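Asker: Got a sequence here, can you build the structure:
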Amino acid sequence: MINLMLLMGQTSEGSGGGGILGLLPFILIFVIFYLLLIRPQMKQQKKKQLMLKELVKGDKVVTVGGLHGTIEGIKEKEEVLILKISDNVKVNVSRSAVVSKKDSKG
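Answerer: You can find the predicted model right below:
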């Protein structure tokens, strides 16, 4: 009977250790989340910032609202582009509203 109680006591003590092994799945999930979601988004954001910085007069661009036009001028202090949409139609657009730069060929 005493041996049975000693065995029961020993089994309950062994279940207390987990430590870092218990956190391993959470750490692994965070690493996968970082590699699949955060890192590619940061690369894409850097690429867009570089594209916005390199815009010059004469570039053909597309805005968030779907406007297609050619840059006629740039107001650096205000971060505003003057976009020529059609003959005699010019619009002031925020630099951050530009989504993409079109090839000058097409």
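
Asker: which stretches of this structure form strands?
Answerer: 60-63, 68-75, 80-86, 89-94, 98-102 (DSSP state E).

Asker: List the buried residues in stretch 58-77.
Answerer: 59-61, 63, 69-71 (16 or more other Cβ atoms under 10 Å). Where C-beta positions appear, they are placed from N, C-alpha and C, glycine not excepted.

Asker: what domains does the record give for the protein?
Answerer: 23-54, 56-106 (automatic domain parsing).

Asker: Please tabulate the strands of the chain in JSON lines, including the columns mean pLDDT.
Answerer: What follows is the strands of the chain, written out as JSON lines (pLDDT from 0 to 100):
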{"stretch": "strand 60-63", "mean pLDDT": "96"}
{"stretch": "strand 68-75", "mean pLDDT": "95"}
{"stretch": "strand 80-86", "mean pLDDT": "96"}
{"stretch": "strand 89-94", "mean pLDDT": "96"}
{"stretch": "strand 98-102", "mean pLDDT": "94"}
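
Asker: closest one to Leu35 among those?
Answerer: strand 98-102 (26.1 Å; Cβ to Cβ).
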